[in-house]
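Novice: Model the structure of this input:
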Amino acid sequence: MSRLPQLVPISIADLEHNAHTTLAINALDYYRSGANDMQTLKDNQDAYSRLRLRPRILRDVSKVDTTTTLLGHKVSSPICIAPTAMQRLANDAGEKATARAAAKAKKCMILSSWSTTSAEDTIEAGREVPWDQSASGALPLFWFQLYVYKDRVVTEQLIRRVEKAGYKALVITVDTPFLGRRLADVRNVFKLPGHMSMANFEHKDSKESSLAAYVVSQIDPTLNWSDIAWVRSITKLPVVVKGVLTAEDAKLAADTGVEAILVSNHGGRQLDGVLATIDALPEVLEAVKGRGVEVYIDGGVRKGTDVLKALALGAKAVFLGRPILWGLAHDGEEGVSLALNLIQQEFELAMALAGCCKIEDINRDHVQHGTTARSKL
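Specialist: Take a look at the predicted model:
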């Protein structure tokens, strides 16, 4: 069966369409699938459509500034890049291309520990890119996503490597004691092609598919809050916990002393049927209010208005996963830059139309649920 023709991309949806026309089914299904019936995957996006914006008018919005800070580092925008594994499945330049695009845009990128390019080579690719030293003072920012493995020596060695390489934070994924059941991957018997590897790991078995299986097998189902405290005790890097969806766990994270929380359901790829991240965000924020913990969000963000809604509800930043992969599949580094530019331009326009000139202008009054009546009838 022939595939649909490609579109000239003017939205993230167009980039996704194009990726569906070009990617091998093994890679496409790995990127696009969620767990089980994919209810949460769908709801991550649908939940944004249930929110409505409340714009303010007659304000001078001739200049819009999206710069913000993340853990004390200034970046050009709250639009950031989430960790996504095995990016060379989308384009052979993989994580290097994404790092270069992030550096050019002066945005924050989280590298997946299951990358197909090493942590050292990825950040070096980003450093090779010249960028304008703008008056805003924004600079590229690279963080590293970490699983805590059964072998704590392997975990600590990886932490030491990324510290030395220059990553500025550790993002610990905490929602994966086991991999979620992704039916498409089961049907496809998903594995990495032989010429690719889990580049941050070594194993005595030289077969790359066996290496990938080995790394997955090292996920530790005994992981608990004491292990987060252990990571904090062996590094000076800030720690972000990724995968928090409840007020109860947000409070425990703050009690452990982490610097930030990433509200995430793993792109709908773990426990199906959990809350959409934008629906979970308010209770997480309320739980850590006044605790000095930054709160970010990922999952379902596809448009600039989604970014505005997330920030209006209180998120400090949003992280894009699949949109980056669709851009990468479309045109490598230029495709990632296009994806970032498209949603950045949409966000700037949404800010202006909502009456906001800077990030600090965005507040809870700018958003409501579509079914909520604010005025008396």
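Novice: Could you list the single helix or strand in this protein with the lowest mean pLDDT?
Specialist: Lowest by mean pLDDT, DSSP states H and E among the helices and strands of the chain is helix 208-217, with a mean of 67.
Novice: Tell me the helix or strand right after it.
Specialist: Per DSSP states H and E, the first helix or strand lying C-terminal to helix 208-217 is helix 225-234.
Novice: Residues contacting that next one, please?
Specialist: Under the criterion Cβ atoms under 8 Å, 6 or more residues apart in numbering, residues 146, 148, 152, 155-156, 159, 170, 172, 174, 220, 239, 241, 252-253, 255-258 lie in contact with helix 225-234. To be clear about C-beta, it is placed using only N, CA and C from the backbone, and glycine gets the same treatment.
Novice: From the residues you listed, keep the buried residues only.
Specialist: Using 16 or more other Cβ atoms under 10 Å as the burial test, the contacts of helix 225-234 include 146, 148, 155-156, 159, 170, 172, 174, 220, 239, 241, 252-253, 256, 258 as buried.
Novice: Among those, which lie within strands?
Specialist: In strands, defined here by DSSP state E, the members of those are 146, 170, 172, 239, 241.
Novice: tell me the pLDDT at the nearest residue to the fourth one once chain neighbours are set aside?
Specialist: Excluding the flanking residues, the one nearest residue 239 by Cβ to Cβ, 6 or more residues apart in numbering is residue 258, at 4.7 Å. According to the per-residue confidence, residue 258 scores 98 in pLDDT.
Novice: Quick check, residue 258 in contact with residue 241.
Specialist: Yes - using Cβ atoms under 8 Å, residue 258 makes contact with residue 241 at a distance of 5.3 Å.
Novice: which regions of the stretch 51-200 of the chain lie under the pLDDT threshold?
Specialist: Within the stretch 51-200 of the chain, the segments meeting pLDDT under 70 span 131-135.
Novice: Please repeat the previous calculation with a cut-off of 90.
Specialist: 129-138, 184-186, 188-198 (pLDDT under 90).
Novice: which residues in it form helices?
Specialist: Here the stretch 51-200 of the chain has its helices, by DSSP state H, counting those that start in this stretch, at 94-105, 119-127, 152-165, 183-188.
Novice: Give the rounded mean pLDDT of whichever helix in the chain runs longest.
Specialist: Counting residues, the longest helix found in the chain (DSSP state H) is helix 322-353. Averaging pLDDT along helix 322-353 yields 98.
Novice: Quick check: next helix or strand after that helix?
Specialist: strand 367-369.
Novice: What strands line up against that next one, and which way round?
Specialist: strand 51-53 (antiparallel) (DSSP bridges).
Novice: can you tell me how far residue 138 sits from residue 342?
Specialist: Distance of residue 138 to residue 342, given as Cβ to Cβ, to the nearest Å: 19 Å.
Novice: Ok, residue 64 next?
Specialist: 16 Å.
Novice: and those two? which has more neighbours close in?
Specialist: residue 342 (21 against 16; other Cβ atoms under 10 Å).
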